[in-house]
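Trainee: let me see the structure of the following:
(one chain, ligands or ions: 1)
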Amino acid sequence: MLKRALCAVLPALFAAAALAAGAAGKSTFVLRADRVFDGVNMHTGWAVRVEGDRIAAVGPAAGISAAGAKVIDFNGSTLMPGLVEGHSHILLHPYNETPWDDQVSREGLAYRAARAVNHLRATLMAGFTTTRDLGTEGAGYADVELKQAVEEGIIPGPRVLASTRAIVATGSYGPKRFALEWRVPKGAEEADGNDIIRVVRDQMGHGADWVKIYADYGHPTFTLAELKAGVEAAHSSGVPVSAHASTPEGMKRAALAGVDTIEHGSNGTLEVFRLMRERNVALCPTLAAGEAIAGYAGWKKGRDPEPGRIKAERASFQAALESGVTILSGSDVGVFAHGDNAREIELMVEYGMPKLAALKSATSVAGHLLHMQIGELKPGMLADIIAVGGDPLSDITALRRVSFVMKGGTVYKQ
Ligand SMILES: [Zn+2]
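Mentor: This next block holds a predicted model:
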């Protein structure tokens, strides 16, 4: 407990220094390390030149000018793009601290936002410089305002893609075990029929960068026609759509409706993953949440036999790999501790994904899917760069040893 507390204080000091430095203007850097992973391939003996908030040059160190630059050497380390969290809930904290039902129905907005400030800092310090936050789970539009606070330099945090309240079919999603005659707060905004168009537009109007729709929750909810209407309303305004779906039927409807990513896909079949691939729908597998929830239910990994739920997720993920569907690394962090995001990348490797593919899934593949100039170290991209101890291609747990974090040319951790 004490160690955790100290860890929490130190990054805060670095962050304060970084914010001060950011206000004073950005510098020119040349960063050198044993290896550079540029988001696509691993290179030895490379360097990266940063000017202002962008990457100016990348390549063999001998060819990178150090003129006017602060040079930093990272011996024994790998430089790589800042990691991307494809699926977070910055307004949730681990369910073994407080069950989801109680967070949604008993924790107030300011209290939840106060926690989220810590969550954002922990995410950035863990080397995740961008997060796609998929629903405030009852905390209104707080994600949009937290994003604003990060962008204005009021608090340290990753780039945030917000989706506000998320959209569910009436009666499908909310805290349980209340007297049935009570109207309890919901975990997302309800919509039915063509009203989904108004709700999509209202959420975009409140600042949603992505629209999140629950295509199922235990069982399929929205009809194909409803999903299509929601997707069309979002796409016609240039906003992409993420669908929660774990059942083959929910996933199929979401893919046919034209969503951009499907979250979880825990019971996906080879057939449905092939359909997703055909229709350019990416999978965000959230393996880490599955394991966390099984752990909270008493499962001791490595000691107890694997629960059915985990066996199903493993089989589903392997079918996804076989299908060739695009995979975006995303963990559903919030179910477990913020800052522990790398757990997802480790589990993708454990469940059979090659290490290089897993690294790309959290960098270049993510940058492409999120339509942002991130995830690759190449000239013109945003200077979101981290250093990790060791070589993540030989030992994926190197992602836990983050010694340096730069976001948009500002150093937040060193
Ligand atoms: Zn989620």
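Trainee: got a list of what residue 196 touches?
Mentor: For residue 196, the contact set (C-beta atoms under 8 Å, 6 or more residues apart in numbering) comprises 167, 213, 222, 226, 229-230, 233. Just so you know, the C-beta spots here come from the backbone N, C-alpha and C atoms, and that holds for glycine as well.
Trainee: and the buried ones among the residues you listed, selectable in ChimeraX?
Mentor: Isolation of the buried members of those (16 or more other C-beta atoms under 10 Å) is achieved in ChimeraX through the command below:
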select :167,213,222,226,229,230,233
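Trainee: quick one: contacts for residue 43?
Mentor: Applying C-beta under 8 Å, 6+ apart, we find residue 43 in contact with 35-37, 60.
Trainee: which residues in the stretch 151-300 of the chain form strands?
Mentor: Listed in chain order, the strands of the stretch 151-300 of the chain (DSSP state E, counting those that start in this stretch) span 159-161, 167-169, 189-191, 211-214, 216-217, 219-220, 241-245, 261-264, 282-284.
Trainee: adding secondary structure, write the contacts of residue 43 out as TSV.
Mentor: Listed next are the contacts of residue 43 as TSV, based on DSSP: H, G, I helix; E, B strand; the rest coil:
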residue	secondary structure
35	strand
36	strand
37	strand
60	strand
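Trainee: mind picking the two most distant members of these?
Mentor: In the contacts of residue 43, the most distant members under the criterion C-beta to C-beta are 37 and 60, with 14.9 Å between them.
Trainee: so for these two, which sits in the more crowded spot?
Mentor: residue 37 (26 against 12; other C-beta atoms under 10 Å).
Trainee: in the sheet, which residues pair with the more buried one? Tell me.
Mentor: Listed beta-bridge partners, residue 37: residue 42 (assigned using DSSP bridges).
Trainee: can you check residue 128 too?
Mentor: Beta-bridge partners of residue 128, counted by DSSP bridges, are residue 83.
Trainee: wait, it touches residue 83, no?
Mentor: Yes. With contact taken as C-beta atoms under 8 Å, residue 128 and residue 83 are classed as touching, separated by 4.7 Å.
Trainee: let me see the ranges of the helices in the stretch 201-350 of the chain.
Mentor: Under the criterion DSSP state H, counting those that start in this stretch, the stretch 201-350 of the chain carries helices at the ranges 224-235, 248-257, 270-278, 287-296, 308-323, 343-350.
Trainee: who touches both of residue 128 and residue 83?
Mentor: Overlap between the contact sets of residue 128 and residue 83, as judged by C-beta under 8 Å, 6+ apart, is given by residue 341.
Trainee: pLDDT weak spots in this protein?
Mentor: 1-25 (pLDDT under 70).
Trainee: how is it partitioned into domains?
Mentor: 2-82+375-413, 83-369 (automatic domain parsing).
Trainee: mean neighbour count, these: which tops it?
Mentor: Between the domains of the chain, domain 83-369 has the highest mean count of neighbours, a mean of 21, where neighbours are mean count of other C-beta atoms under 10 Å.
Trainee: distance of residue 92 from residue 50?
Mentor: Residue 92 is 34 Å from residue 50, where distance means C-beta to C-beta, to the nearest Å.
Trainee: likewise residue 285?
Mentor: 32 Å.
Trainee: which strand residues bridge residue 213?
Mentor: Under the criterion DSSP bridges, residue 213 forms beta bridges with residue 167, residue 243.
Trainee: looks like it contacts residue 243 (just checking).
Mentor: Yes. Residue 213 lies in contact with residue 243 (C-beta under 8 Å); the separation is 5.3 Å.
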